[in-house]
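**Student:** What follows is a predicted protein model with its sequence.
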Amino acid sequence: MKDILTIGGVELQPGTKTEINIPVAKLYTDAEVSIPVQVIRAKKPGPVVFVSAAVHGDELNGIEIISRVIAENLKLQNGSLILVPMVNVYGVLNQSRYMPDRRDLNRSFPGSKKGSLAGRLAHTFLESVVAHCDYGIDLHTGAIHRSNLPQIRANLDDEQTKALAEAFGVPVLLNANIRDGSLREAAVNHGARVLLYEAGEALRFDELSIQAGVKGVIRVLKALGMVKKRISNAKTEPFIANRSDWTRAGASGFVKEYVALGAMVEKGEVLADINGPLGNNIDQVVSPRAGIIIGKQNIPLVQEGEAMYHIAYFGDSAEEVLEHIEIMQESIVPVEPNM
């Protein structure tokens, strides 16, 4: 860790906590748009870690996760923590996954100074924040009308990345390929190890996903030796899925579903009926293999070919995965109002 860390043109000394706004562009109204950042630095050198959210502007769980991590008032033993609750500020303003130019920011990295608006924002975030980091946790949700079970996606063939994924403490780990143009690809190319946390649904707060995310972030920092905060070890053993597939609708119609998020399904099990407007059955959605539902569509309308159920395959471990998912679901703590 450098003695002085420069983020968005601001020089940050060891042992400081600083809020920064990194300017990215202006609105039509001439109002400045900037990325809000909090940087916490220990007095001792150590890893530099970023935690980012809302790369897709409608994915709000991560904003709340980072807000609660900030509220924990963490005392770093060493290293630096860079918290970025809104990367795609434009998308948050418009409650949209995309940038105003309709580009997906998470397909626009590494970007450039003179490219599209999405490319410029990607370049600014990469150079201002990610390029300084050794590790990263990127927080996501499912798309609109789709929910994801809390899960970590990462390069689990790398032993250190795998150890951090296990430390996060959710039952499902996916050994996921890196997508071209993604933040994760750009960060890895800059030498950082990155976990991608997927949980919940766009434009919604999901308490299970938020609490699991807050605990997961702190557990990763603890595994890196950056904090000593007391936090219970995860009661859920992680299981690795090396394959997952989306099961798609064979017809268009109204959905009557029979399985919930996190359910274990058997090969040939009926997941949903697709009916016509008069109630006549048109098609059935059937599981192609035994596995766990880690993602699903929520809206009860479907078009032919549309992805409906994301199933991860764990082989003989499926029953154990289900048990640990249930333990995670039971661990949620009711949120008390501030008095």
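**Tutor:** Structure received.

**Student:** what about stretch 158-165, distance to the chain center?
**Tutor:** Relative to its chain's centre, stretch 158-165 lies at 17 Å (Cα atoms, centre = their mean, to the nearest Å).

**Student:** Could you say which helix or strand holds the closest residue to E198 other than its chain neighbours?
**Tutor:** Nearest residue to E198 in three dimensions, chain neighbours excluded: N148, at 4.5 Å (Cβ to Cβ, 6 or more residues apart in numbering). (C-beta placed from N, C-alpha, C; glycine too.) Using DSSP states H and E, N148 sits in strand 146-154.

**Student:** Using PDB, write down the CA coordinates of that strand.
**Tutor:** Listed next in PDB are the C-alpha coordinates belonging to strand 146-154 (Å, rounded to 0.1, in the frame of the first residue of the first chain):
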ATOM      1  CA  ARG A 146     -36.100 -11.800 -11.900                       C
ATOM      2  CA  SER A 147     -34.600 -12.900  -8.500                       C
ATOM      3  CA  ASN A 148     -31.300 -14.500  -7.700                       C
ATOM      4  CA  LEU A 149     -30.600 -16.600  -4.700                       C
ATOM      5  CA  PRO A 150     -27.600 -15.200  -2.800                       C
ATOM      6  CA  GLN A 151     -24.500 -16.600  -4.600                       C
ATOM      7  CA  ILE A 152     -20.900 -15.800  -5.400                       C
ATOM      8  CA  ARG A 153     -19.600 -16.000  -8.900                       C
ATOM      9  CA  ALA A 154     -15.800 -16.000  -9.400                       C
END
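
**Student:** now do the same end-to-end measure for stretch 17-36.
**Tutor:** Separation of the first and last residues of stretch 17-36 by Cα to Cα, to the nearest Å is 14 Å.

**Student:** With stretch 258-273 instead?
**Tutor:** Length of stretch 258-273, first residue to last, Cα to Cα: 8 Å.

**Student:** Over to stretch 245-264?
**Tutor:** Stretch 245-264 end-to-end distance (Cα to Cα) = 14 Å.

**Student:** Tell me the buried residues in that stretch?
**Tutor:** Neighbour counts over stretch 245-264 (16 or more other Cβ atoms under 10 Å) mark 247, 249-251, 253, 255, 257, 259, 261-264 as buried.

**Student:** do the same with stretch 270-281
**Tutor:** Residues 271-275 are the ones in stretch 270-281 that count as buried (16+ other Cβ under 10 Å).

**Student:** still on that earlier bit, looks like the residue nearest to E198 contacts L196 (just checking).
**Tutor:** No: counting by Cβ atoms under 8 Å, N148 stays clear of L196, with 10.9 Å between them.

**Student:** So for these two, which residues contact both of them?
**Tutor:** H140 (Cβ atoms under 8 Å, 6 or more residues apart in numbering).

**Student:** list the contacts for I20?
**Tutor:** 7-8, 10, 36-39.

**Student:** Pick the one among these closest to I325.
**Tutor:** The nearest member of the contacts of I20 to I325, counting by Cβ to Cβ, is Q38 at 32.2 Å.
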